[in-house]
Every structure is written in C-alpha cells, then in structure tokens.
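> turn this into a structure:
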Amino acid sequence: FPDPVSSDANPLFAFTTDEAVSGSVCRLDGLPPIACGSPVTVTELGGQVPLADGPHQLTVTSTDIAGNVETASASVSWSTDTTIPEIEMLEEPPAFTPTGSVDFGWIVWDGGPTDRELSEEAESECRFDYEQGEVQGEEDGWQECGRAFEISEEQNSNGGHSFEVRATDQAGNVSEVMER
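Here you go, the predicted model:
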C-alpha cells in the first residue's frame, strides 16, 4: 500500500489474509466493488491512471472457503501528491557582494494552481560552492538548512561563489534547484 502521503499516482496494491479465501472484493474511492486478487492495480479496480492528487481509499473484503464474509473489511487511506514544491527567495545578496557574511532566506510553496499554500513540512537542502569543490555537508554537497542559510565572512572570500537550494515535500517530490 502507498505511504500516508505518496507521489505514486499509479500504486500497486498487495494484501494478505489470515486464512484461505475463496475470493476478495476491492473498492477504490467509492467505485463499484470488483473481484480482485493480490497484487492489484488501479486500472484493474476501475480507476483512472494517474490517480488525481488528493485523498483516496481502498477497501478489501474477503470471503473464506466456507463462504463467511469478513465482518470488518481491511481499509487503507492515503493522499496522492504529485505536485512539485516551489522555492521563492525572500532574501539574497546582490550578484556582486563585497566580502563579509551574506544571508539567504526563502519560503516553500506546495500544492496545485488552485490550492497553492506555504509548506511548513517540506524539507530544504542547501549547498555552497559545490562546483568549485569546496563541499560542506553530505557526500553530494547537500545539507539540511531549514529556510535560511548564512555564508560567513571566511567563506565569502574574493571570487565567484555558488549557492543552491532545493525542497522535498512529504510525498517525496523534489523542487527544481534554485541557483544563485
């Protein structure tokens, strides 16, 4: 089953039962119930791919070999989110900055064109002077940085510098890299 918030708009559903069953019936998002086996796809359940962004629910009801129908169906709910977050810079130094410390600040927007909102949940990662080989942080230069990044006076020596930031939302969608 998908995670509670998932970027997978075409999930594959797999389920198991506690005893031998003669069959199962699945119902996706209020569509008519349909006989199903495990694993099962969205299209096999009568749904359209890709699933629309938003809440979804799958219910599975099984019948054992004696003909007893489950009294409590198995159910899973999740939200599909395929929207890539966007970064909006709020604070950044001018292109040509004398030596001294400099600050960057930004916000992250998430959601579609009609429900765009500020995202507090999205994680931001930054890297400074990655192309110049002055990597700080993880192996590929990315490090967690919240919504602000300061470059110290020592780091901001004469010469060109690069700063990059990206955001990842709860569903795992990654923004375009904002480069400065």
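
> and Thr71, what element?
Using DSSP states H and E, Thr71 is not contained in any helix or strand.

> check the one 4 residues further on too.
Element membership for Ser75, per DSSP H and E: strand 74-80.

> chain center to that strand, what's the gap?
16 Å (CA atoms, centre = their mean, to the nearest Å).

> now do stretch 169-180
With CA atoms, centre = their mean, you get 9 Å for stretch 169-180.

> just the residues contacting it, thanks.
Contact with stretch 169-180 is made by 3, 5-7, 79-87, 89, 92, 104, 106, 108, 110, 119, 121-122, 162-168, as judged by CB atoms under 8 Å, 6 or more residues apart in numbering. (C-beta placed from N, C-alpha, C; glycine too.)

> and these, which of them are buried?
In the contacts of stretch 169-180, burial by neighbour count holds for 6-7, 80-81, 83, 85-87, 92, 104, 106, 108, 110, 119, 122, 163-168, counting by 16 or more other CB atoms under 10 Å.

> run the angle between the lengthiest strand in the chain and strand 74-80 for me.
The longest strand of the chain (DSSP state E) is strand 54-64. Taking axes from the mean of the first three to the mean of the last three CA atoms, to 10 degrees, one finds strand 54-64 and strand 74-80 inclined to each other by 160 degrees.

> in strand 54-64, what counts as buried?
Quick answer for strand 54-64 (16+ other CB under 10 Å): His56, Leu58, Thr59, Val60, Thr61, Ser62.

> which other helices and strands does it contact?
strand 21-28, strand 74-80 (3 or more CB pairs under 8 Å, 6 or more residues apart in numbering; DSSP states H and E).

> strand partners (parallel or antiparallel) of the first one?
Strand 21-28 has these partner strands in its sheet, going by DSSP bridges: strand 34-36 (antiparallel), strand 54-64 (antiparallel).

> and those as a markdown table, adding distance to Gln143 and mean pLDDT?
Compiled in a markdown table, the strands paired with strand 21-28 are given as follows (distance: least, CB to CB, whole Å; pLDDT from 0 to 100):
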| stretch | distance to Gln143 | mean pLDDT |
| --- | --- | --- |
| strand 34-36 | 45 | 96 |
| strand 54-64 | 33 | 94 |
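
> mind checking which of these is nearest Val42?
Across these, Val42 has its closest neighbour in strand 54-64 (9.2 Å, CB to CB).

> neighbouring contacts of the closest one?
1, 13, 15, 17, 19-30, 33, 36, 45, 69-70, 73-80.
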